[in-house]
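A.B. asks: Model the structure of this input:
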Amino acid sequence: MAEAEAQLLLAVGLIEKDTNGDALWVWCYPSVTAELRSLLLRKCCLTDENKLLHTFVFGQYKRSWFYITTVEVQDSPALKKVTHFSVVLTAKDFNPEKYAAFTRILCRIYLKHGSPVKMMESYIAVLTKGICQSEENGSFLSKDFDARKAYLAGSIKDIVAQFGMETVILYTALMLKKRIVVYHPRIEAIQEFTRTLPALVWHRQDWSILHSYVHLNEEEVEALKACTGYVAGFTDSEVNSRPDLYDVYVNLADSEITVSPVVKEAMTMGKLHKEIGQLIVQSAEDPDKSDSQVIKDISLKTKEILATLASLTEVSDGNEKPTLNSEALKQKRFPPATENFLFHLAAAEQMLKI
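C.D. replies: All right, here's what the predicted structure looks like:
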């Protein structure tokens, strides 16, 4: 287990805000690049003008995940000149619950001792043994936090309660690997919503598409643009006027979904989409079903669609990967929107002949 941890954890860092109101990067282990440091300073709420304290935020930048827990210092003899501090962890895996638990323990250690050395000891214990234990600061065991649990932590039912039949727009965009941008002024709302979306395409189990906390900063925007399809969360309403960043725009605050004219053709809705939409809504509105059961229902429908697509493919020219036979697709005489969707899905799944 510790072996896995050693491969996943990248670094630990500390940002402090002093009594003069300055937020500074004060320590890290083993190292964090200058580029990542300035990004993490931006993400931790200590440099914000609005003084709002966000206890825990997470996101991804260039394939590294970051997790930041921020606390206010009250009555700590060890930290007389510090008003707030943030403990930062960078890692290769998506697991907010795991790293929230671990950063909380590191925060308690720092509040008590006021020295990064003690934090480093716990960090190395988790890195090498997958566990850190102490009676006063609590225990942390890596293997308590399964990746699958993290994938299932959000609520699909909440999304359907908010968007109803329109959830099928999000499903279609994800299936076709389109770019989804989500806006809400509250970072907590953004993180909760965006982390759940990849579960709509459970067959991929791919959370690398998630960028749950992005600023309209040049480096971040360029890094995002380098990704093919994604789910990106913004708290800046200016993102609305950046059509270069999205195919589908979700205004979470106003419960509105807008499809960009660029993808209107690929995202044309028809009988199949109506069927999927009704299935999603019926499943999510069933009080006896859990979120994971709703995900399973959607996943079974997805498997059906993928099986239909697979039946229209052929293996040719010694290629191992089957490609779509366009003639076979046309002969099926599907409704135009269904044929269109299957064609674009084949493109997303790299099943088109180049």
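A.B. asks: Could you check how many residues crowd around D93?
C.D. replies: As a burial measure, D93 scores 16 neighbours (other C-beta atoms under 10 Å). Where you see a C-beta, it was placed from the backbone N, CA and C, and this is true even at glycine.
A.B. asks: Apologies, that question was intended for T194.
C.D. replies: Per other C-beta under 10 Å, the neighbour tally for T194 reads 28.
A.B. asks: For it, give me its contacts.
C.D. replies: Under the criterion of C-beta atoms under 8 Å, 6 or more residues apart in numbering, the contact list for T194 reads V182, L210, H211, S212, V231, A232, G233.
A.B. asks: What pLDDT is listed against it?
C.D. replies: Reported pLDDT at T194 in the predicted model: 98.
A.B. asks: What strand or helix carries it?
C.D. replies: Applying DSSP states H and E as the criterion places T194 in helix 187-196.
A.B. asks: ok, now V88?
C.D. replies: Assigned by DSSP H and E, V88 belongs to strand 82-91.
A.B. asks: Partner strands of that strand, with direction?
C.D. replies: Sheet partners assigned to strand 82-91 using DSSP bridges are listed as strand 9-18 (antiparallel), strand 64-72 (antiparallel).
A.B. asks: Make CSV out of these and add distance to L41 and mean neighbour count.
C.D. replies: Converted to CSV, the strands paired with strand 82-91 look like this (distance: least, C-beta to C-beta, whole Å; neighbours: other C-beta atoms under 10 Å):
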stretch, distance to L41, mean neighbour count
strand 9-18, 6, 20
strand 64-72, 10, 21
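A.B. asks: of those strands, which approaches A189 most closely?
C.D. replies: strand 64-72 (17.3 Å; C-beta to C-beta).
A.B. asks: Residues touching the closest one, excluding its own?
C.D. replies: 10, 36, 39-40, 43-46, 53-60, 83-94, 96, 99-100, 103-104, 106-107, 111.
A.B. asks: Please spell out the PyMOL selection for the buried subset of those.
C.D. replies: To isolate the buried ones among the contacts of strand 64-72 in PyMOL, judged by 16 or more other C-beta atoms under 10 Å, type:
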select buried, resi 10+36+39+40+43+44+45+46+54+55+56+57+58+59+60+83+84+85+86+87+88+89+90+91+93+94+96+99+100+103+104+106+107+111
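A.B. asks: Doesn't G154 belong to a strand?
C.D. replies: No - per DSSP: H, G, I helix; E, B strand; the rest coil, G154 lies outside any strand segment and is coil.
A.B. asks: And the residue nearest the centre of this structure?
C.D. replies: Centroid-nearest residue in the chain, with C-alpha atoms, centre = their mean: L210, separated by 3.2 Å.
A.B. asks: what residues are up against that one?
C.D. replies: L210 sits next to Q60, F94, T194, R195, L197, P198, Y230, V231 when contact means C-beta under 8 Å, 6+ apart.
A.B. asks: Kindly present those as JSON lines, with separate columns for distance to S31.
C.D. replies: Shown next, in JSON lines, are the contacts of L210 (distance: C-beta to C-beta, whole Å):
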{"residue": "Q60", "distance to S31": "19"}
{"residue": "F94", "distance to S31": "22"}
{"residue": "T194", "distance to S31": "29"}
{"residue": "R195", "distance to S31": "28"}
{"residue": "L197", "distance to S31": "33"}
{"residue": "P198", "distance to S31": "30"}
{"residue": "Y230", "distance to S31": "28"}
{"residue": "V231", "distance to S31": "30"}
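A.B. asks: so the nearest residue to T83 once chain neighbours are set aside bridges to which residues?
C.D. replies: Using C-beta to C-beta, 6 or more residues apart in numbering and skipping residues adjacent in sequence, the residue nearest T83 is K17, 5.3 Å away. Beta bridges link K17 to A23, H84, judged by DSSP bridges.
A.B. asks: same deal with Y67?
C.D. replies: Under the criterion used (DSSP bridges), Y67 bridges to F58, L89.
A.B. asks: I'd like the strands paired with strand 82-91 as a markdown table, with distance to Y29 and mean pLDDT appended.
C.D. replies: Formatted as a markdown table, those follow (distance: least, C-beta to C-beta, whole Å; pLDDT from 0 to 100):
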| stretch | distance to Y29 | mean pLDDT |
| --- | --- | --- |
| strand 9-18 | 5 | 94 |
| strand 64-72 | 15 | 95 |
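A.B. asks: Closest one of the contacts of L210 to G270?
C.D. replies: When those are compared for distance to G270 (C-beta to C-beta), L197 wins out at 22.4 Å.
A.B. asks: and the longest helix belonging to the chain, what does it pack onto?
C.D. replies: The single longest helix within the chain, with elements called by DSSP state H, is helix 291-310. Counting contacts by 3 or more C-beta pairs under 8 Å, 6 or more residues apart in numbering; DSSP states H and E, helix 291-310 is packed against helix 156-163, helix 271-285, helix 336-348.
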